[in-house]
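# Following is a predicted model, sequence given first.
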2 protein chains.
Amino acid sequence: MGGDKAPGVVIEGALQAVARGNRVILVGRPEEIVGAGDIPVHPASEVISMEEDPAKAVRQKKDSSLLRAAELVRDGEAAAMVSAGNTGAAMASALLRFGRLPGVVRPAIAVPVPGGGPHPVVLLDAGANSECTAQMLVQFARMGAVYASERYGIALPRVGLLSIGEEPGKGSPLVKEAHKLLAAGGAGSELSFVGNVEGRDIMTGDVDVIVTDGFTGNTVLKTLEGGMAYVFDRLMSVFNSNPESREAASVLLPLLAPEAERLNPDSTGGAILLGVDGVCIISHGASSAHAVEQAIQVARDLADHGIVAHLARALSGS
Amino acid sequence: MGGDKAPGVVIEGALQAVARGNRVILVGRPEEIVGAGDIPVHPASEVISMEEDPAKAVRQKKDSSLLRAAELVRDGEAAAMVSAGNTGAAMASALLRFGRLPGVVRPAIAVPVPGGGPHPVVLLDAGANSECTAQMLVQFARMGAVYASERYGIALPRVGLLSIGEEPGKGSPLVKEAHKLLAAGGAGSELSFVGNVEGRDIMTGDVDVIVTDGFTGNTVLKTLEGGMAYVFDRLMSVFNSNPESREAASVLLPLLAPEAERLNPDSTGGAILLGVDGVCIISHGASSAHAVEQAIQVARDLADHGIVAHLARALSGS
């Protein structure tokens, strides 16, 4: 029921995912879920809107599609949940119904950021925790490495710590302390800590995972989103300047389309909440049917790979 | 003597600035400053390189061009200093030799960020203080507003506080506290506090000043820099795909050039250190002669407008 174009595009995405061999349960108001063919519908009478306060909404709307979906996962009736709705409420639903994995101080949101590498860079925390401790950043490093490893098949993910200079002594007190812990091997041996990275390294593809606090991570992602939107907007405006430019653009647009597609958040399969006892994938609110299908595919792959068990094992030493 | 292409491009930029009616003193090693025509040279035997630790360098190199330039301003022999060198060392030189304005807790670096508005957005702090208090952010708001007003002629600058949600309750404890102080008019009446803004608002031009701590500000600027570099790189690569794309690109490039020029940090005249008793402009290390000329022009305009006196007056109530 969530997302700017729900439930229409969600149903469409679910149908595409089913056609690719996935099994899906749609959760929401049965009377609004039309055209879903043979896909089973699990009823939930309430809807949490994009604008609602997440904490308040999950307290009050016990029969919301988000909480009901999380319960299906908790009860073993579903392997993962996917939502294009209110991010905070989806995360809160997963946290409340799944619970944390043992030893996890705070779950974190991991977002794949496409760039120059063969696969997107995993950035976390993307906004779950606006205040962090160094110990939390160390856990994020470990969880991000497990995720990058499961999702992109990287044996020893290279993990960078976001700071304002490459030297270990650069950054806020939080970053300096986290750097010490990570350099001392605090995140375990299944990752390679490469030290501090800077904002300009996010899109180079030189690291696989970038760790930061949720305030910085969220700001960085929205800054990139705004920057890209601005550049594409100006580009289209220049392409449409006059008949000659439109003619020239018609030659280039087919070549630019794959690049734009690669940078489109729709293609990356959405954010994941790491550190909870279940798989919860959050797709962009403006997700297309294709984005929903991608998110379902990613959720299924991660569940199949047993990502939660791998996270639990990786975190058990912390 | 500072910058990746010094002293050549600096001399060239100075000559262009003089041709436009500015008076310039070049500070550095006389034997290396060649081809500067009638421009007077103030001798300084030492050079602080781009890689040196700023604090250590300014302690040890008393006869560096940066400290000598700052002394010329302190002694009233120059109205402002301009450098394309080591940012931290330039700032430290200005802070040491100019001193702080009365009441200033910590100076901040303000950077103009070009985007969709009629003038760039002033972002501060861009990296002088990796840890800030709410009171510091309130001072930054006031200083940023004075700067936007002097530099772009904005009567009542719109000031936004960078956060991870537009609602006053969103963000880190620091941001929430600063929001309260700013909403209560803590920054004075010569600005309009518009509340929280997000990363995606930086390039829209909907505000004139964006206030944040130096860690976030520096990260955001480098993220944008990296994102833009990536997109332009991919664009050029697509334009060069084949003979047809090169032909089409040749039609579009003249139309794209003004956009690229607008987004080029060279065109914005560099960063300024606000809160010290003098004008100090820092240009990008990779500055072209044109960028140096721009920085000199901006420094002169700000000195002519009496920006330091205006800042002192605005801050006297804090």
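Alright, I've got the coordinates.
# pLDDT value on A:D266, please?
For A:D266, the model assigns a pLDDT of 69.
# Now do the helices in chain A.
Listed in chain order, the helices of chain A (DSSP state H) span A:8-19, A:54-60, A:65-74, A:87-98, A:134-152, A:173-183, A:214-239, A:243-263, A:289-304, A:307-315.
# If we go by neighbour counts, what in the fifth one is buried?
By neighbour count on 16 or more other Cβ atoms under 10 Å in any protein chain shown, the buried set for helix A:134-152 is A:134, A:136-152. All C-beta spots, glycine's among them, are computed from the backbone N, C-alpha and C.
# Check the shortest one too.
For helix A:54-60, a neighbour-count test (16+ other Cβ under 10 Å) marks A:54, A:57-58 as buried.
# could those residues be laid out in a markdown table, adding pLDDT and distance to chain B?
Shown next, in a markdown table, are those (pLDDT from 0 to 100; distance: Cβ to the nearest Cβ, whole Å):
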| residue | pLDDT | distance to chain B |
| --- | --- | --- |
| A:P54 | 91 | 11 |
| A:A57 | 96 | 14 |
| A:V58 | 95 | 17 |
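# from the residues you listed, which single one is nearest B:S237?
A:P54 (41.2 Å; Cβ to Cβ).
# Please work out how many residues are found near the residue lying closest to the closest one once chain neighbours are set aside.
Nearest non-adjacent residue to A:P54, counting by Cβ to Cβ, 6 or more residues apart in numbering or on different chains: A:G88, 3.1 Å away. Taking other Cβ atoms under 10 Å in any protein chain shown as the criterion, the count of residues near A:G88 is 21.
# wait, what's in contact with A:G88?
A:53-55 (Cβ atoms under 8 Å, 6 or more residues apart in numbering or on different chains).
# if I look at the residue nearest to A:S49 when sequence neighbours are not counted, how far off is chain B?
Nearest non-adjacent residue to A:S49, counting by Cβ to Cβ, 6+ apart: A:N86, 6.8 Å away. Per Cβ to the nearest Cβ, to the nearest Å, A:N86 is found 12 Å from chain B.
# got a pLDDT number for A:N86?
At A:N86, pLDDT is 91.
# try the one 10 residues further on
According to the prediction, A:L96 has pLDDT 96.
# pretty sure it is touching A:L66, no?
No: A:L96 is beyond contact range of A:L66, at 9.8 Å (criterion: Cβ atoms under 8 Å).
# So for those two, which sits in the more crowded spot?
Counted by other Cβ under 10 Å, A:L96 and A:L66 do not tie: A:L66 has more neighbours, with 32 against 17.
# excluding its backbone neighbours, what's nearest that one?
With Cβ to Cβ, 6+ apart, the residue lying closest to A:L66 is A:S93, at 4.2 Å.
# So which of the buried residues of helix A:54-60 is the closest to B:D125?
A:P54 (30.5 Å).
# if I read this right, the closest one contacts A:L96, doesn't it?
No: the pair A:P54 / A:L96 is not scored as a contact, 10.7 Å apart, by Cβ under 8 Å.
# Give me the common contacts of A:L96 and A:L66.
With Cβ under 8 Å, 6+ apart as the test, A:L96 and A:L66 both reach A:V58.
# The residue nearest in space to the middle of chain A bridge partners, please.
In chain A, the centroid-proximal residue (Cα atoms, centre = their mean) is A:A271; its distance is 1.0 Å. Under DSSP bridges, the beta-bridge partners of A:A271 are A:I282.
# I'd like the distance between it and chain B.
With Cβ to the nearest Cβ as the criterion, A:A271 and chain B are 14 Å apart.
# ok, that residue - contacts?
A:87, A:109-111, A:126, A:281-283.
# Out of those, which is nearest to chain B?
A:A126 (9.7 Å; Cβ to the nearest Cβ).
# so what pLDDT did that closest one get?
94.
# okay but A:G217 is in contact with A:D125, surely?
Yes: between A:G217 and A:D125 a contact is recorded at 5.1 Å, counting by Cβ under 8 Å.
# where does chain A dip in pLDDT?
For chain A, the stretches flagged by pLDDT under 70 are A:266, A:317-318.
# same thing but at 90, please
Scanning chain A for pLDDT under 90 picks out the ranges A:2-6, A:50-51, A:87, A:116, A:165-170, A:186-189, A:258-270, A:283-288, A:315-318.
# Give me every residue in the stretch 51-200 of chain A lying close to chain B.
By the rule Cβ under 8 Å from any Cβ of the partner chain, the part of the stretch 51-200 of chain A lying against chain B is A:115-116, A:127, A:130-131, A:162-164, A:171-173, A:175, A:198-200.
# Would you write a PyMOL line that selects the buried entries of the residues you listed?
To isolate the buried ones among those in PyMOL, judged by 16+ other Cβ under 10 Å, type:
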select buried, chain A and resi 115+127+130+162+163+164+171+172+175+198+199+200
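# closest to A:A6 among the residues of the stretch 51-200 of chain A next to chain B?
Of those, the one sitting nearest to A:A6 (Cβ to Cβ) turns out to be A:G127, at 21.4 Å.
# what's the burial count for the closest residue to that closest one other than its chain neighbours?
Excluding its sequence neighbours, the residue lying closest to A:G127 (Cβ to Cβ, 6+ apart) is A:N218, at 3.6 Å. A total of 27 residues lie near A:N218 under the criterion other Cβ under 10 Å.
# could you list every residue that touches A:N218?
So, once contact is read as Cβ under 8 Å, 6+ apart, A:N218 ends up touching A:126-127, A:130, B:164, B:199.
# Which single one of the residues you listed is nearest to B:G13?
Using Cβ to Cβ, these come closest to B:G13 at B:G199, 32.6 Å.
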